[in-house]
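S.K.: Got a predicted model here, sequence first, then my questions.
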Amino acid sequence: MTDVIIIGAGMAGCSTALWCKRLDLPFTWLEQAPAIGGQLAHVYNPIPDYPGRPAADGAELRGHLQAQLAAEELSPSLCAAVVETDLAGHCVTLADGTVHRGRAVVLATGVERRRLGVPGEVELTGRGVGGSGRRDRDAYAGQAVAVVGGGDSACENALLLAETCRQVTLIHRRSTFRARPALLDAAMNHPRIRVLPDTRVKGLAGTERLEGLRLDGAAGEQVLPVTGLFVRIGYQPVTAMFHRQIRCDPDGYVQVDANQRTTLPGVYAVGDVCNPIYASLAVAAGQGMVAAKAALRELAAE
Ligand SMILES: Cc1cc2nc3c(=O)[nH]c(=O)nc-3n(C[C@H](O)[C@H](O)[C@H](O)COP(=O)(O)OP(=O)(O)OC[C@H]3O[C@@H](n4cnc5c(N)ncnc54)[C@H](O)[C@@H]3O)c2cc1C
């Protein structure tokens, strides 16, 4: 039994933990990954907008965060995946069966990339599927690759990959794109980018590595030979485990009030898991502070 259980050690969970320590609020901190930082592990672009600490990439900011936690003698339990929650009872269960009970729970589980959900995708992840245009463009130099999506991220990845790849096919299931006009124009007019609208990926081919995509589009079914697939079709909140226990929006994002309170007493949510629109590091850090202070006030009043 502790005062606060924090699930997640991305920016939002780290901020919550730092504030709980500052407020002398005992807490148990659980993170499923082997390291802190959450999405920062996948940010290869510069981070120029985190006040006071611009960073060359996510790894650099994660290093600063890690050093700050170490100086405060704080560390979550790592490789501690919460697999079941009874939020009304402030109770969580880990994969190894350990049960933790608190007086309050802070949900900081963030978001994950949406997958296509087609045959072969999971099996070939890490073997041609699941890279980053910024990080991997040299690894795919001279090859034919595909990017799936219709937003800024899809166009950005296509343009980055086109710097080195022989051909980049940008596949989108609709006829219209959400990307900013400047990005879309650059992609549409790039000599090595081919755009395939109204086209769906039905499956992936390859056993040891990705060899191609099965497509269904205006020209009927076809197989597109590619060695790399970059899926950029957005993010989804990590709420499957508890979205029926608290109010979430239709996309699964947790709904909170100005004190980060969910619809269950003593249950708070912070960071991307409750930010469908304004997801950012600064918001995640700020909401961690709000939840810790709100929990302190409400636990003191019990
Ligand atoms: C490519 C990219 C570039 C970005 N660039 C910027 C930028 O320049 N500026 C900016 O402000 N923001 C940027 N962002 C957004 C920013 O990274 C996020 O807003 C922020 O990291 C969200 O932090 P979080 O703690 O809410 O969630 P996350 O970072 O997603 O952390 C959630 C954590 O919860 C853990 N978790 C999930 N489920 C469980 C479970 N069941 N049990 C235990 N642990 C669990 C996860 O493993 C993870 O560590 C960028 C994001 C991306 C992907």
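M.R.: That came through fine. Numbers count the residues shown, from 1 in each chain.
S.K.: For this structure, what lies in contact range of the ligand?
M.R.: For the chain, the residues in contact with the ligand (CB under 6 Å from any ligand atom) are 7-13, 30-33, 38-40, 42-43, 45, 47, 49-50, 81-82, 108-111, 238, 271-272, 279-282, 284. C-beta coordinates here come from the backbone N, C-alpha and C atoms, glycine included.
S.K.: if we go to 5 Å?
M.R.: Counting by CB under 5 Å from any ligand atom, the chain comes close to the ligand at 8, 10-12, 31-33, 38-39, 43, 47, 81-82, 109-110, 238, 271-272, 279-281, 284.
S.K.: What are the boundaries of the strands in the stretch 201-302 of the chain?
M.R.: Counting by DSSP state E, counting those that start in this stretch, the stretch 201-302 of the chain has strands at residues 212-217, 220-225, 228-231, 235-237, 267-269.
S.K.: Remind me what the fourth one packs against, helices and strands.
M.R.: So the one you mean is strand 235-237. Here strand 235-237 touches strand 111-113, going by 3 or more CB pairs under 8 Å, 6 or more residues apart in numbering; DSSP states H and E.
S.K.: The last one now?
M.R.: Using 3+ CB pairs under 8 Å, 6+ apart as the contact criterion, the neighbours of strand 267-269 among helices and strands are strand 99-107, helix 281-301.
S.K.: average pLDDT across it?
M.R.: Per-residue pLDDT values over strand 267-269 give a mean of 98.
S.K.: buried set for it?
M.R.: Val267, Tyr268, Ala269 (16 or more other CB atoms under 10 Å).
S.K.: Would you reformat those as CSV and include distance to Ala187?
M.R.: What follows is these, written out as CSV (distance: CB to CB, whole Å):
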residue, distance to Ala187
Val267, 43
Tyr268, 41
Ala269, 36
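S.K.: Which positions in the helix or strand harbouring Thr85 come out as buried?
M.R.: Using DSSP states H and E, Thr85 sits in strand 82-86. For strand 82-86, burial by neighbour count (16+ other CB under 10 Å) applies to Val82, Thr85.
S.K.: partner strands of it, parallel or antiparallel?
M.R.: If you go by DSSP bridges, strand 82-86 pairs up with strand 91-94 (antiparallel).
S.K.: Now tell me what touches the strand it pairs with from outside.
M.R.: 5, 7, 30, 80-86, 99-102, 105 (CB atoms under 8 Å, 6 or more residues apart in numbering).
S.K.: give me that answer again for 10 Å
M.R.: Outside strand 91-94, the residues that touch it by CB atoms under 10 Å, 6 or more residues apart in numbering are 5, 7, 28, 30, 32, 77, 79-86, 98-102, 105, 107, 241-242.
S.K.: Emit the PyMOL select command for whichever of those are buried.
M.R.: Restricted to buried positions by 16+ other CB under 10 Å, the PyMOL selection for the contacts of strand 91-94 reads:
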select buried, resi 5+7+28+30+32+80+82+85+100+102+105+107+241+242
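S.K.: Next up, the contacts around Glu156.
M.R.: Here Glu156 is in contact with Asn45, Gly133, Arg134, Val147, Gly149, Ala179, Arg180, Leu183, Ala186, Ala187, Arg232 (CB under 10 Å, 6+ apart).
S.K.: Of these, which belong to helices?
M.R.: Gly133, Arg134, Leu183, Ala186, Ala187 (DSSP state H).
S.K.: from these, which is closest to Gly228?
M.R.: Gly133 (9.3 Å; CB to CB).
S.K.: Pull out the buried residues from the residues of the chain next to the ligand.
M.R.: Counted by 16+ other CB under 10 Å, the residues of the chain next to the ligand give 8, 10-12, 31-33, 38-39, 43, 47, 82, 109-110, 238, 271-272, 279, 281, 284 as buried.
S.K.: Okay, and which of the residues you listed map to helices?
M.R.: Met11, Ala12, Leu281, Ala284.
S.K.: how close does the third one get to Gln222?
M.R.: According to CB to CB, to the nearest Å, Leu281 stands 41 Å off from Gln222.
S.K.: likewise Ala80?
M.R.: Taking CB to CB, one finds Ala80 at 45 Å from Gln222.
S.K.: same thing with Cys79?
M.R.: Separation of Cys79 from Gln222 (CB to CB): 43 Å.
S.K.: just Thr2 next, same as before
M.R.: Counting by CB to CB, the gap from Thr2 to Gln222 is 56 Å.
S.K.: Show me which of those two is the more surrounded one.
M.R.: The neighbour count for Thr2 versus Gln222, taken as other CB atoms under 10 Å, is higher for Thr2 (17 against 13).
S.K.: Not counting residues beside it along the chain, what's closest to the more buried one?
M.R.: Thr28 (4.5 Å; CB to CB, 6 or more residues apart in numbering).
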